[in-house]
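Chemist: Let me see the structure of the following:
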Amino acid sequence: MAISHALEFIRNFETDAQLRQLCNSSKSKEELLELLSDKGFPFTVFEFEDAVNVLLTSCQTYEQAGYVKNIKDWFSLFR
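Modeler: Residues are numbered from 1 along each chain as shown. The predicted structure follows:
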């Protein structure tokens with residue numbers, strides 16, 4: 001299920017500096033999604049949004065929710 005790939009990406013984004021660097025080199029959302037698919041994280045924009053919602057409902061602290069929201073905001077910067 002692709003939502004699981006989006007969840008895995010979000011969890012890995014924090015700890016994998018190389019993945020963050022590769023993602024930040026993308027010029028568009030399409031390029032980013034293609035790169036992530038090549039790295040084993042195939043998902044759509046809608047599946048990413050669903051994954052964010054799943055994570056937000058399971059957050060137990062404001063810090064955890066803030067981290068998830070920061071990734072969502074970062075992702076939305078790509079056009």
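
Chemist: quick one, helices of the protein?
Modeler: Taking DSSP state H to define them, one finds helices in the chain at 2-15, 17-24, 29-38, 45-58, 62-76.

Chemist: Please list all residues in contact with the residue most central in space within the chain.
Modeler: For the chain, the residue nearest the mean C-alpha position is I10 (4.2 Å; CA atoms, centre = their mean). Neighbouring residues of I10 by CB atoms under 8 Å, 6 or more residues apart in numbering: A51, V52, L55, V68, I71. Where you see a C-beta, it was placed from the backbone N, CA and C, and this is true even at glycine.

Chemist: likewise F78?
Modeler: So F78 contacts S26, S28, K29, L32 (CB under 8 Å, 6+ apart).

Chemist: check contacts around the third one.
Modeler: K29 makes contact with V45, F75, F78, R79 under the criterion CB under 8 Å, 6+ apart.

Chemist: returning to that earlier point: who wins on neighbours among the contacts of I10?
Modeler: A51 (24 neighbours; other CB atoms under 10 Å).

Chemist: Can you give me the distance of that one to S58?
Modeler: Taking CB to CB, to the nearest Å as the measure, A51 falls 11 Å from S58.
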